[in-house]
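**Q** need coordinates for the following:
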Amino acid sequence: MPFEALATSVSYIDPFGTSETSCVSTSCGVIGDQEWFDLDRFGMSFSAASGTASISVILNFGPGTTLAPFVSDGVQLNAADVFFTVGGEIEYGIALTSHANGITAGSLYQVSTSAGVMSAYDVLHLGSGFVYRPEFPVWLRDDGRGSIQQVGGGTVTTAVTGDGYTSGRLTASVTFTPTPEFVALLLEGSMGVELASATCGNDIKIVRGISLTPDRSDLPEPSSWVLGATGLLGLAVYRKRWDSVFTFSRRQARLTGRFCRFRSRTRWPG
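**A** Numbers count the residues shown, from 1 in each chain. Next up, the predicted model:
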């Protein structure tokens with residue numbers, strides 16, 4: 001991971017395994033082609049000295065070597081956003097690419113209500129011919145009613161770092177400026193992460209508690225970041241409950257092509 005110079009870092013590996021042919025639950029592997037949709041690993045780090053945080057996502061994203069949208073079975077797929085959770089509820093998000101509703105790549109957004117998050121179904125509106133994870137959160141959305149607020153800027157870079165077969169082909173790296181509250185939640189271990197490899201949610205990773213232990217030698221004395229962040233821990237934060245339990249309807253029948261191919265017709269509980 002490209003974070004050796006920062007104060008502290010952590011990496012979560014999503015085993016680079018085989019594709020599934022029909023599974024839509026959170027426990028299965030890649031739906032469809034591994035070489036197009038596999039999410040390999042997620043890394044994160046924070047520097048108290050500079051007050052910046054970094055994330056790294058290693059993944060396969062379609063047939064190319066960039067995060068540009070691609071088409072699969074007539075459906076345009078985009079890179080999914082990265083969401084940060086507290087107690088399973090989405091509190092923040094970062095887009096790897098700029099997309100609809102004025103969402104800017106690399107910027108940190110605070111989520112106030114569930115209207116600020118779009119599921120895979122909200123983005124794609126696919127019918128019964130496709131199997132994917134329709135309920136999984138994949139995009140931020142600014143509804144113009146205060147559902148989200150941009151609270152920090154950042155930049156995104158991408159590089160080809162793997163072969164796409166034994167490891168993820170692309171590494172997307174984001175460096176951003178977090179808020180004091182974000183830092184406090186991160187350092188106390190209260191923050192989790194949810195992300196998908198694309199807006200179809202064909203491969204996902206959920207971590208309920210990011211375990212970062214700061215290198216105290218890197219902390220300024222006194223550290224305005226840590227002191228300011230700690231002071232915010234007593235503030236009540238309004239959170240709209242985001243239900244991370246996935247329910248699936250009969251609209252998820254069978255799929256042909258790159259997403260996932262059924263051997264026989266399957267009916268999902270409604």
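
**Q** in the stretch 101-250 of the chain, which spans are helices?
**A** 120-124, 180-187, 224-231 (DSSP state H, counting those that start in this stretch).

**Q** what comes into contact with stretch 154-172?
**A** 2, 16, 34-35, 38-41, 56-61, 65-67, 79, 94, 96-97, 105-108, 173-177 (C-beta atoms under 8 Å, 6 or more residues apart in numbering). All C-beta spots, glycine's among them, are computed from the backbone N, C-alpha and C.

**Q** buried set for it?
**A** G154, V156, T158, G162, G164, G168, R169, L170, T171, A172 (16 or more other C-beta atoms under 10 Å).

**Q** and stretch 113-124, by the same measure?
**A** Buried residues in stretch 113-124 (16+ other C-beta under 10 Å): T113, S114, A115, G116, V117, M118, S119, A120, Y121, V123, L124.

**Q** quick one on the thing from earlier: and the buried residues of stretch 154-172, which two are furthest apart?
**A** G154 and G164 (26.3 Å; C-beta to C-beta).

**Q** which one of the helices of the stretch 101-250 of the chain has the lowest average pLDDT?
**A** The weakest mean pLDDT among the helices of the stretch 101-250 of the chain belongs to helix 224-231, with a mean of 47.

**Q** buried ones in stretch 86-105?
**A** 86, 89-97, 99, 103-105.

**Q** let me have these in a markdown table, extended by distance to V30, secondary structure and pLDDT.
**A** Output for the buried residues of stretch 86-105, formatted as a markdown table (distance: C-beta to C-beta, whole Å; DSSP: H, G, I helix; E, B strand; the rest coil; pLDDT from 0 to 100):
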| residue | distance to V30 | secondary structure | pLDDT |
| --- | --- | --- | --- |
| V86 | 28 | strand | 96 |
| E89 | 26 | strand | 96 |
| I90 | 23 | strand | 97 |
| E91 | 27 | strand | 98 |
| Y92 | 26 | strand | 98 |
| G93 | 23 | strand | 98 |
| I94 | 23 | strand | 98 |
| A95 | 22 | strand | 98 |
| L96 | 18 | coil | 98 |
| T97 | 21 | coil | 98 |
| H99 | 23 | strand | 96 |
| I103 | 26 | strand | 96 |
| T104 | 29 | coil | 97 |
| A105 | 24 | strand | 98 |
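
**Q** are any of the contacts of stretch 154-172 buried, and if so which?
**A** 16, 34-35, 38-41, 56-61, 67, 79, 94, 96-97, 105-108, 173-176.
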